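> take this sequence and fold it.
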Amino acid sequence: MMADLEDQAAGLRRQEAKRLALPRGLRLIAVSSGKGGVGKTMTSIGLAFSLARAHYRTLLMDGDIGMANVDIQLGINPEVTLQDVVFGSCTLDQAVVTVEPGLDVLPSPCGAPEMADMGSARRRMFVEQLTAFAANYDFMIIDVGAGIGQNVTAFLAAVPETLVVVANEPTSIMDAYSVIKVLRRLPEPPHMSMVVNMVQSLSEGEALAERLNGIVKRFLDVELPLAGTIVFDEKARAAIRARVPIMNYAPQSPSALCLKELGQFVAKHKPGAGSRKQADERFFESLAEMELKKFKVRDS
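Sure thing, here's the model as predicted:
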């Protein structure tokens, strides 16, 4: 009897491992920032557009469950969200919004107390669906919340690649350093790159990257490659107010061209396969085990 139970348990473990295996070829990239207001969501959206227009199948997931706003900046009004998928009201196919060929968006609810009551079986079912669904894509971009709270770092600790967005202001620089510090101290740190946003010129962006790298090199013994610089552009602000992606609102604007180059850099520079063994699989595992009751509902 004991041997039969052990065989059954082993079989279940093998079945579960198979379900949670990362689809081949998929790259998971989180876009983060130490503080809000530095253009993190605009960067996530622009990166997703750039990759899709370079013929990569791309899924943009709003990972900020408390303050989701990807749908707002895209100008879409989803009838269903991640919450509806989790609670079985619809499938991922029904929740995902196609914004243009090759680019799908998985919107999240803004302030969702019901998510607190989600049981482990329901979480597991959702992760199984997401894992299988992700096989349709080359990139999955996750716009995570700002800061270094527990729920943000839970995402960042599990995703193998992270872009840290920083603006040229003291609070943004120090908060970006805090994000890098937290991730650097993980047993298996993700591959981190830097995106400098809202600067007046490319040279200012390079100078800011050198400044931040000087700090992290001194105290953390690491340097982050500069994945991209996004210059300040009034048209970008106008695009956000109009709820139209800058890539559509003003495709030849400096911001849009910088975001296009960011996508080219990300597509070309893939971290070494051995840098984080099975890190991608742990992302899906962490979703399954995430204690969503710890999400705090914030005022919108």
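
> would you map the helices across the stretch 201-300 of the chain?
202-220, 234-242, 246-249, 254-268, 279-289 (DSSP state H, counting those that start in this stretch).

> buried stuff in the first one?
It stands for helix 202-220. 202, 204-205, 208-209, 212-213, 216, 220 (16 or more other Cβ atoms under 10 Å). All C-beta atoms are positioned from the backbone trio N, CA, C, and that covers glycine.

> on that earlier part again, quick one, which of the helices of the stretch 201-300 of the chain gets closest to residue 44.
helix 254-268 (10.1 Å; Cβ to Cβ).

> relative to the whole chain's centre, how far out is the closest one?
16 Å (Cα atoms, centre = their mean, to the nearest Å).

> ends of stretch 52-63, how far apart?
This stretch, stretch 52-63, spans 19 Å end to end (Cα to Cα, to the nearest Å).

> which stretches of the stretch 1-150 of the chain form strands?
27-33, 58-62, 97-100, 103-106, 139-143 (DSSP state E, counting those that start in this stretch).

> redo those strands as a markdown table? Include mean pLDDT and mean neighbour count.
Converted to a markdown table, the strands of the stretch 1-150 of the chain look like this (pLDDT from 0 to 100; neighbours: other Cβ atoms under 10 Å):
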| stretch | mean pLDDT | mean neighbour count |
| --- | --- | --- |
| strand 27-33 | 92 | 26 |
| strand 58-62 | 93 | 26 |
| strand 97-100 | 95 | 15 |
| strand 103-106 | 96 | 24 |
| strand 139-143 | 94 | 26 |
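
> could you dump these into CSV with distance to residue 226 added?
Converted to CSV, these look like this (distance: least, Cβ to Cβ, whole Å):
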stretch, distance to residue 226
strand 27-33, 15
strand 58-62, 22
strand 97-100, 28
strand 103-106, 25
strand 139-143, 19
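
> to residue 192, which of these lies closest?
Closest approach to residue 192 among the strands of the stretch 1-150 of the chain is made by strand 27-33 (9.1 Å; Cβ to Cβ).

> and that closest one with strand 139-143, angle?
20 degrees (axes from the mean of the first three to the mean of the last three Cα atoms, to 10 degrees).

> strand partners of strand 27-33, parallel vs antiparallel please.
strand 139-143 (parallel), strand 161-167 (parallel) (DSSP bridges).

> for residue 262, find the nearest of the ones you listed.
Once these are compared by Cβ to Cβ, strand 161-167 is nearest, at 8.4 Å.

> show residues contacting the closest one.
Identification of contacts with strand 161-167 by Cβ atoms under 8 Å, 6 or more residues apart in numbering yields 27-34, 37-40, 43, 47, 156, 172-173, 176, 179-180, 183, 190-199, 208, 212, 224, 227, 266, 271.

> switch to 7 Å and redo it
Strand 161-167 has contacts (Cβ atoms under 7 Å, 6 or more residues apart in numbering) with 27-33, 38-40, 43, 156, 172-173, 176, 179-180, 183, 190-198, 208, 212, 224, 227, 271.

> which of these count as buried?
27-33, 38-40, 43, 156, 172-173, 176, 179-180, 183, 190-198, 208, 212, 224, 227.

> surely residue 156 forms part of a strand?
No - per DSSP: H, G, I helix; E, B strand; the rest coil, residue 156 lies outside any strand segment and is helix.

> what's the distance between it and residue 190?
In this view, residue 156 and residue 190 are 7 Å apart by Cβ to Cβ, to the nearest Å.

> which neighbours do these two have in common?
162, 183.

> give the contact list for residue 226.
194, 196, 206, 209.
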